[in-house]
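S.K.: Got a sequence here, can you build the structure:
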Amino acid sequence: MPLTPAEIIDSFPSLRLTVEAHGLLAKKALGQNFLLDRNITDKIIRLSLARQNLADYSGASVYEIGPGPGGLTRSVLACAPDKLTVIEMDDRCIAIMEELRERFGSRMEIINGDALQTDLSRRDSAPRHIVSNLPYNISVPLLVSWLKQMPAYQSMTLMFQKEVADRITAPTETKDYGRISVLSQLICRIDRLFDLNPECFVPAPKIWSSILLFRPLSNIPDARQIAGIEKLAALAFGQRRKMIRQSLKSVPDLEEKCRIADIPLTARAEQITPEQYLHLASLL
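M.R.: Okay, the predicted model is just below:
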């Protein structure tokens, strides 16, 4: 009787032994902080699946960016995706991924490349999930690119610096509320699964981390609206201390548009809700 995916993963040496065998030290230039505790990586996947009312990843395509030595990779593979695609730039980590692929065959694909230059939205069949301990130095650009393609994905389970997660989930009229808050909250339902102490990582960063689950909302702004939202948010939050009659003065017929969108000209960027930004963008 063939082994289950979980049994195959259990047959591998521990992550710490794997890292030692490959002489793998995290590279600061690549934004690497490795998560080697299988209990934690299993918890990330277990909570994400439970929140989605899923038992596992069977029938789905999963994408992981920056797998490093393969902590999350192992936890994903143990949950039986039809296919897992990993995208990694570090050749040392590619070698570890190759060891996993030897056992999982065509159910695993390795891309040695830049995730910012890789379009995942049309690869493989739906449903598609993204799971990643994101390289912190490119986490926001990656998130923005995926948000613009969100109808292609069923979920994204992503790890960020806690301060970035706080910005993504921030409510109006708070110091953390900004451009990424507006865009994320207009496109996705966002759940914070849990926060992680720096000591969970090797090497330990100086900051806490947070796991966020993104799921597309039923009515997502179209490409034209998203472009308008990005323009308005950049102008407004670029001068967040000013009233919008000043920060958005380049918008034609601003006073009439704000009247229709029920936005006072005396409001500042952080006082405007995501829905109001969308309404105003729809009038551009």
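S.K.: mind checking the longest helix of this structure?
M.R.: helix 223-238 (DSSP state H).
S.K.: Show the average pLDDT along the helix or strand that that helix is followed by.
M.R.: Following helix 223-238 in sequence order, the next helix or strand is helix 244-247 (DSSP states H and E). For helix 244-247, the mean pLDDT works out to 94.
S.K.: same deal with stretch 85-93?
M.R.: 91.
S.K.: in that stretch, what's buried?
M.R.: For stretch 85-93, burial by neighbour count (16 or more other Cβ atoms under 10 Å) applies to Thr85, Val86, Ile87, Glu88, Met89, Asp90, Cys93. In this view, the C-beta of every residue, glycine as well, is placed from N, C-alpha and C.
S.K.: Ok, stretch 276-284 next?
M.R.: Applying 16+ other Cβ under 10 Å to stretch 276-284 flags Gln276, Tyr277, Leu278, His279, Leu280, Ala281, Ser282 as buried.
S.K.: How far does it sit from its chain's centre?
M.R.: Stretch 276-284 has its C-alpha centroid displaced from the chain centroid by 25 Å (Cα atoms, centre = their mean, to the nearest Å).
S.K.: domain ranges for this structure?
M.R.: 5-216, 223-282 (automatic domain parsing).
S.K.: Check which strands are paired with the least confident helix or strand in the chain by mean pLDDT and give the direction for each one.
M.R.: Counting by mean pLDDT, DSSP states H and E, the chain has its least confident helix or strand at strand 201-202, which shows a mean of 79. Taking DSSP bridges as the criterion, strand 201-202 forms sheet pairs with strand 34-35 (antiparallel).
S.K.: Residues contacting the partner strand, please?
M.R.: Here strand 34-35 makes contact (Cβ atoms under 8 Å, 6 or more residues apart in numbering) with 15, 19, 24, 26, 41, 68-69, 71-72, 133, 196, 200-202.
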